[in-house]
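Chemist: Next come a sequence and a model predicted from it.
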Protein chains: 2
Amino acid sequence: MEPVPMLLAMTYRALGDQFHDRLAQLGLEPLRPAHGYVFRFLKEKRATTVDIGHHLGVTKQAAAKIVNELDGWGYVLREPHPTDKRAQYVTLTTKGRDYLKFADNLWTDLESEMAEAIGADTLDTVKQGLAAYLRHVHGEDQPGLRPVW
Amino acid sequence: MEPVPMLLAMTYRALGDQFHDRLAQLGLEPLRPAHGYVFRFLKEKRATTVDIGHHLGVTKQAAAKIVNELDGWGYVLREPHPTDKRAQYVTLTTKGRDYLKFADNLWTDLESEMAEAIGADTLDTVKQGLAAYLRHVHGEDQPGLRPVW
DNA sequence: TAAGGTTGGACAACTTGGTTGACTACTTTG
DNA sequence: CAAAGTAGTCAACCAAGTTGTCCAACCTTA
């Protein structure tokens, strides 16, 4: 049996590849995982570029580059911060929210296919097991994302 | 509950970070995952740089860079190919085999800790589940490695 | 057995996705 | 109110890959 990290990485890759393939069929912009994480983050809360960088676990410069791309594609826009004249809030546009909804559906589909392939109960055990291990390692304070990409 | 890809990525990261931390404590060279995969590959079979590139799923140039590093650190050496004067076999040195043994022990430790944290039966279900999914997606012909790194 | 296509290895230029460092304008704190 | 800290931008750099080119050696194959 393959070692655990290999299994994790290959499964992650398999899922990601399928997601990307289906996305590419629609001729969307070449969004990378980091973009998706930004969407998900912005759905929750208003955030500045610095916030995003912190959430992704990269420097603010790297985050700024990503935000610039998303802005250029029309997925987000910047609006002035109400109290801090230096800062700007980055917010999702309608296009951004539409993309996120679409992506969520796609992920749900992929997870359903996985459940069908290996059994819903097995998938559930997998998820619970990994989540438990992460709690074991990190305690409650999850690390600033930055998985692999 | 977090979506599956996130769980996979974070768990992979958590394991990899711990591995790397413990390795770094020993002041070893900054080996990356790709190096480890090369070691494991070379333990099985004699291989040329091109073979290695194919196995890793990268170009031969990228593979050559990795082999050069490993050579510089004394983990591998090149020896002439018996029948093909262009080619060279890359083989593990004693230092390389020692490292591999050490790394294997470390991975075994980490997996044991994981088993302890979430239960050996749960870990087993996780492994079986992921392996089953990979078979479902890829059939028998595993893709040329290249997980995430 | 010579000719033409293929392959292993190396070198160079470029691309990507990040980094560190420096600077300005603004904010917060002692 | 002065000093320290922070948001955002610009620029230089770096790591790990890519493509493109080449040569020498190796297959075919006619």
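Modeler: All right, it came through fine.
Chemist: mind checking how far the helix or strand of chain A with the lowest mean pLDDT is from the chain centre?
Modeler: None of the helices or strands of chain A scores lower by mean pLDDT, DSSP states H and E than helix A:4-24, at a mean of 89. Relative to the centre of its chain, helix A:4-24 is centred 14 Å away, using CA atoms, centre = their mean, to the nearest Å.
Chemist: Please report the distance of the spatially most central residue of chain A from DNA strand C.
Modeler: Residue closest to the average C-alpha location in chain A (CA atoms, centre = their mean): A:Tyr37, at 2.7 Å. According to CB to the nearest atom of the strand, to the nearest Å, A:Tyr37 stands 10 Å off from DNA strand C. Just so you know, the C-beta spots here come from the backbone N, C-alpha and C atoms, and that holds for glycine as well.
Chemist: Next: A:Leu130.
Modeler: Taken as CB to the nearest atom of the strand, the span from A:Leu130 to DNA strand C is 23 Å.
Chemist: Would you agree that residue is in contact with B:Thr11?
Modeler: Yes - judged on CB atoms under 8 Å, A:Leu130 makes contact with B:Thr11 at a distance of 4.8 Å.
Chemist: quick one on the thing from earlier: can you list the buried residues in the least confident helix or strand of chain A?
Modeler: By 16 or more other CB atoms under 10 Å in any protein chain shown, the buried positions in helix A:4-24 come out as A:4-16, A:18-19, A:23.
Chemist: Stretch A:71-91 too?
Modeler: Buried, per 16+ other CB under 10 Å, within stretch A:71-91: A:Trp73, A:Tyr75, A:Val76, A:Tyr89, A:Val90.
Chemist: And that stretch, end to end?
Modeler: Stretch A:71-91 stretches 10 Å from its first residue to its last (CA to CA, to the nearest Å).
Chemist: repeat for stretch A:76-86
Modeler: Stretch A:76-86: ends 19 Å apart by CA to CA.
Chemist: Tell me if it is near DNA strand D.
Modeler: Yes - for a cut-off given as CB under 7 Å from any atom of the strand, stretch A:76-86 has contacts with DNA strand D, namely A:His81, A:Asp84, A:Arg86.
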